[in-house]
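Novice: Test case, fold it:
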Amino acid sequence: MKKFPCFARKPVDVFNRSSTKLSCLQQSFRGLFSSLFYFLAFQVSPFWNQLGYFITVSLLGYMALKVSKPKTTSFMPSDVDVFFTSVSASTVSSMSAVEMEVFSNTQLVIMTVLMLVGGEIFTSMLGLQFVRSKYTRKANRENKAHLASIDYKSPNSKISFDQIELGLVTLPQAQNEQPCSNLEKGIEASCDEDLKYHSIKCLGYVVLFYLLVVHVVGSALIVFYLNLVPSAREVLKNKGLRILTFSVFTVVSTFSNCGFIPTNENMVVFKKNSGLLLILIPQILLGNTLFAPCLRFVIWVLVKITRRVEFNYMLKNSREISYDHLLPGLYSCLLAITVFGFILVQFLLLCFMEWNSEDLAGLNAYQKIVGMLFQTANSRHSGESIFDLSVISPAVLVLFVLMM
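Specialist: The predicted structure is shown next:
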């Protein structure tokens, strides 16, 4: 009977050793990841970081697209075509050597992820994390150097700073003035650096919140519209596309200004569905030229609601945050005015030149206005189209080129 405790103790010892090894392995991986992150953040140029990022994402996307099967087995895209599609999706350039309806639902989901992680706003959010890490390390180094330079002892005596605080001895004002001044400067600089660090951290959360809200609301609206309008739902049914996949894919592509649509005809098959076009127009602008004004407006609203000092710091010190999309108030207003001005000018010219074109035959006045507004917003941004560009007039093509 005395031997049984020994047998019972052995599994416990094995379990403890295994847990210790797993903990050590976890710490090793964490340290390796941390070292790699700091090497990329502080030793490598941002250009090479971005180039490596897009190459890595493109290769992973290529492998995922290659492993997954296309919709039909009668046509298999070549390796070059698949890799080209992966690069085009991750760099949001919307160039494709394969018809979009060839891709299966799984491949469309993979392309959605590629467009999301390759979008300008998502990559800028990742850049904020590098800025925050660089700033933290620089601030800590400067604060340590500044505080280390402060002499808490009198130069002409052996009286310590602790004795002065306890009131055991006193020093002349001239002798005590410089250390206190340095100490106050060090504390003030440390508080300012800490506020800037937390502001950059909060800004990252704001951008993430903006990204999620726009995508979730946009996808939900398209799902609701497709379930409500039989004509649009019938198009997807005939092409074998799922409503949820189409909705998320289209919103991500439109917001990131990629321009991919899961149909071979792009948005031409939906030119009579004005409601769908009206849902996509804000997505086009919110993900591109109006992102900076909208971001500043969101931060202003958060200041009014939360009264947090970090948001107020962002508005008053936008240049010091080191985020290119956070513009000063005047520049944000001018940018918004410029965007809407270009859209208005292009819309009027497009209506004047293409109102009676063959490509818009069969549409009523309302559908023509919405369609031209959609086309106008896309010419400078995502590149989605309800027109057959091969049949429109050369003057309109020149207009599109100028606006691009």
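Novice: Look up the closest residue to residue 373, ignoring the ones flanking it.
Specialist: residue 347 (5.9 Å; Cβ to Cβ, 6 or more residues apart in numbering). In this view, the C-beta of every residue, glycine as well, is placed from N, C-alpha and C.
Novice: What's the first helix or strand after the helix or strand hosting residue 209?
Specialist: Using DSSP states H and E, the element containing residue 209 is helix 173-228. Using DSSP H and E, the helix or strand that follows helix 173-228 in sequence is helix 230-239.
Novice: mind listing what's buried in that next one?
Specialist: For helix 230-239, a neighbour-count test (16 or more other Cβ atoms under 10 Å) marks 232, 235-236, 239 as buried.
Novice: State the pair within those residues that is farthest apart.
Specialist: Farthest apart among these by Cβ to Cβ are 232 and 239. That separation is 11.5 Å.
Novice: if we can go back for a sec, which other helices and strands contact the strand or helix carrying the residue nearest to residue 373?
Specialist: Assigned by DSSP H and E, residue 347 belongs to helix 329-354. Judged by 3 or more Cβ pairs under 8 Å, 6 or more residues apart in numbering; DSSP states H and E, the packing partners of helix 329-354 are helix 291-306, helix 365-379, helix 394-403.
Novice: Lowest average confidence across those, which one?
Specialist: Looking at those, the lowest mean pLDDT belongs to helix 394-403 (a mean of 79).
Novice: Counting by contacts, list what it packs against.
Specialist: helix 329-354, helix 365-379.
Novice: Rounded mean pLDDT for stretch 245-264, please.
Specialist: Mean predicted lDDT for stretch 245-264 stands at 92.
Novice: ditto for stretch 311-319
Specialist: pLDDT averaged over stretch 311-319 gives 89.
Novice: pull the helix or strand with minimum mean pLDDT from the chain.
Specialist: Least confident helix or strand, the chain: helix 161-166 with a mean of 46, by mean pLDDT, DSSP states H and E.
Novice: Listing request: residues of this structure with sub-threshold pLDDT.
Specialist: For the chain, the stretches with pLDDT under 70 are 1-44, 134-191.
Novice: In contact with the residue nearest the centre of it, which residues?
Specialist: Closest to where the C-alpha atoms of the chain average out (Cα atoms, centre = their mean) is residue 122, at 1.7 Å. Taking Cβ atoms under 8 Å, 6 or more residues apart in numbering, we find residue 122 in contact with 116, 211, 256.
Novice: number of nearby residues for the second one?
Specialist: Residue 211: 17 surrounding residues under other Cβ atoms under 10 Å.
Novice: how close does it sit to residue 59?
Specialist: 24 Å (Cβ to Cβ, to the nearest Å).
Novice: right, and residue 72 touches residue 102 too?
Specialist: Yes - the pair residue 72 and residue 102 passes the contact test of Cβ atoms under 8 Å, sitting 6.9 Å apart.
Novice: what about those two, which has more around it?
Specialist: A direct count of neighbours by other Cβ under 10 Å for residue 72 and residue 102 places residue 102 higher, at 18 against 11.
Novice: Not counting its neighbours along the chain, what's nearest that one?
Specialist: residue 70 is the one closest to residue 102 (Cβ to Cβ, 6+ apart), at 5.3 Å.
Novice: tell me the SS of that neighbour?
Specialist: coil (DSSP: H, G, I helix; E, B strand; the rest coil).
Novice: Now do the contacts for it.
Specialist: Taking Cβ under 8 Å, 6+ apart, we find residue 70 in contact with 76-77, 102-104, 107.
Novice: Show the buried residues in the residues you listed.
Specialist: 77, 102-104, 107.
Novice: Tell me which two of these sit farthest apart.
Specialist: 77 and 104 (11.4 Å).
Novice: so how far is residue 93 from the residue lying closest to residue 96 once chain neighbours are set aside?
Specialist: Closest residue in space to residue 96, ignoring its immediate chain neighbours: residue 85 at 5.6 Å, by Cβ to Cβ, 6+ apart. According to Cβ to Cβ, residue 85 and residue 93 sit 11 Å apart.
Novice: who has more neighbours, these two?
Specialist: Set residue 85 next to residue 93 and count neighbours by other Cβ under 10 Å: residue 85 wins out with 27 against 15.
Novice: Which residue is the nearest non-sequential neighbour of residue 273?
Specialist: Nearest to residue 273 is residue 232, by Cβ to Cβ, 6+ apart, at 4.8 Å.
Novice: which residues does that neighbour contact?
Specialist: Residues near residue 232 by Cβ under 8 Å, 6+ apart: 225-226, 270, 273, 276.
Novice: Over to residue 375?
Specialist: Residue 375 touches 350, 385-387, counting by Cβ under 8 Å, 6+ apart.
Novice: same question, residue 121
Specialist: 207, 210-211, 255-256, 287, 291, 325.
Novice: Residue 198 now?
Specialist: residue 310 are the contacts of residue 198 under Cβ under 8 Å, 6+ apart.
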